[in-house]
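1. Fold the following and give me the result.
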Amino acid sequence: MTALYPEDVPRIDDSAAPARVVLVEDSVLLREGLVRLFDEAGYVTAGAWGDADDIVARVRDARADVAILDVRLPPAYRDEGIRAALTLRAALPGVGILVLSQYVEGVYARELLAGGEGGVGYLLKDRVTSLDEFTDAVRRVRERGTVLDPLVVQGLLSARPDPLSALTPRERDVLTLMAEGRSNASIAERLFIGVGAVEKNISAIFAKLGLEESGTEHRRVLAVLAFLQHP
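-> As a prediction, this is how the structure comes out:
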């Protein structure tokens, strides 16, 4: 599990009130297991349901910080969860969204990321095996970061090669690690280069992808989006 965390996003103070989470998962066993996990992590489970009916009203009434949804929910088990997530993003933009899926479904991940605001996550169910990693994902989504499973990143990047034609091999490597959510220091360590060199590569990526300086846009997110959504 990896996380893309825009460095210009203010962090939530550790002394803040426990996160209020809601869960939409049709499997009773998984739903109950996740509720227990949240309890162990010190979160407040403000709601746990098997379908996404009236999702906006439910989440608003629960005063949730983060909503966690399965992609496929009743009645058709197709894309009800992702549609509910997008509805929540539009109606309650302050609520973090974490989607769980059995499969890498790139179109859903791109739809979630389309706004570039952060506060979203897409994880594969069978790779959510660590309490610490999963609760860290919830924390980052709550703090307006973007959490992506490495297999999702890999699938999205391999499906869209053309937008990277202007990047050097090193810049391409840096962008891939940015998409995995690594900090500048972590990228430097992985590539055996200095942090200053990483910063220069990131500046070049921003320039080549046409991402101008902005105090409101998270360019680390947008750098990945500019690639993922290129026609």
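2. tell me which residues form a beta bridge with the residue nearest the centre of the chain?
-> Taking CA atoms, centre = their mean, the centroid of the chain lies closest to residue 121, which sits 2.4 Å from it. With DSSP bridges as the criterion, residue 121 is bridged to residue 98, residue 147.
3. 776 is where my numbering starts, stick with that
-> Okay, residue one is now 776; in that scheme the one you just asked about reads as residue 896.
4. who touches it in this structure?
-> Applying CB atoms under 8 Å, 6 or more residues apart in numbering to residue 896 gives the contacts 778, 871, 872, 873, 874, 912, 915, 916, 921, 922, 923. For every residue, glycine as well, the C-beta is placed using N, CA and C.
5. Residue 805 now?
-> Residues counted as contacts of residue 805 (CB under 8 Å, 6+ apart) are residue 900.
6. How is it assigned, secondary-structure-wise?
-> helix (DSSP: H, G, I helix; E, B strand; the rest coil).
7. Not counting its neighbours along the chain, what's nearest residue 848?
-> Closest residue in space to residue 848, ignoring its immediate chain neighbours: residue 855 at 4.0 Å, by CB to CB, 6 or more residues apart in numbering.
8. Look up how far residue 792 lies from the one you found.
-> Applying CB to CB, to the nearest Å, the value for residue 855 to residue 792 is 31 Å.
9. which one of these two has more residues nearby?
-> residue 855 (22 against 8; other CB atoms under 10 Å).
10. Show the backbone phi and psi for the more buried one.
-> The phi/psi pair for residue 855 (degrees, to the nearest 10) reads phi -60, psi -40.
11. mind listing what it touches?
-> 826, 827, 847, 848, 849.
12. Kindly recompute the last result at 7 Å.
-> Going by CB atoms under 7 Å, 6 or more residues apart in numbering, residue 855 touches 827, 847, 848.
13. Equivalent analysis for residue 824, please.
-> Here residue 824 is in contact with 799, 833 (CB under 7 Å, 6+ apart).
14. Show me the beta-bridge partners of it.
-> Beta-bridge pairing for residue 824 (DSSP bridges): residue 799.
15. buried residues in stretch 855-862?
-> 855, 856, 857, 858, 859, 860, 861 (16 or more other CB atoms under 10 Å).
16. just checking, which of these belong to helices?
-> Judged by DSSP state H, those include 855, 856, 857, 858, 859, 860, 861 as members of helices.
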